[in-house]
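1. no sequence on hand, only this structure:
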């Protein structure tokens, strides 16, 4: 799946919400804090992590590629 962003980056929690992989920011916070989300193959526990064009987010068997 591809997620098109307008700006230079998007925060990890926002990206999960926009891709409809989580219902809301609270759910995003928990799945990230529980170590269930990877960015470019590495687990990241920061909901506010900035992801950029070309980054790949993995969660729950789904992959999201960030594009502009």
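-> Yes, it's here. In this text the structure is predicted, and so the values were computed from the model without any measurement.
2. got the buried residues for the host helix or strand of residue 13?
-> For residue 13, the host element (DSSP states H and E) is helix 12-18. For helix 12-18, burial by neighbour count (16 or more other Cβ atoms under 10 Å) applies to 12, 13, 14, 15, 16, 17. C-beta coordinates here come from the backbone N, C-alpha and C atoms, glycine included.
3. of the residues you listed, closest to residue 66?
-> The shortest approach to residue 66 among the buried residues of helix 12-18 belongs to residue 15, at 7.0 Å (Cβ to Cβ).
4. let me see the mean pLDDT of the lengthiest helix in the chain.
-> Looking across the chain with DSSP state H, the single longest helix is helix 25-33. If you average the pLDDT over helix 25-33, you get 96.
5. contacts for the very next helix or strand once past it, please.
-> As assigned by DSSP H and E, the chain's next helix or strand after helix 25-33 is strand 37-39. With contact meaning Cβ atoms under 8 Å, 6 or more residues apart in numbering, strand 37-39 is reached by 12, 16, 31, 43, 44, 49, 51, 55, 56, 57, 58, 59.
6. I'd like the residues you listed as CSV, with secondary structure appended.
-> Formatted as CSV, these follow (DSSP: H, G, I helix; E, B strand; the rest coil):
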residue, secondary structure
12, helix
16, helix
31, helix
43, strand
44, coil
49, coil
51, strand
55, coil
56, strand
57, strand
58, strand
59, strand
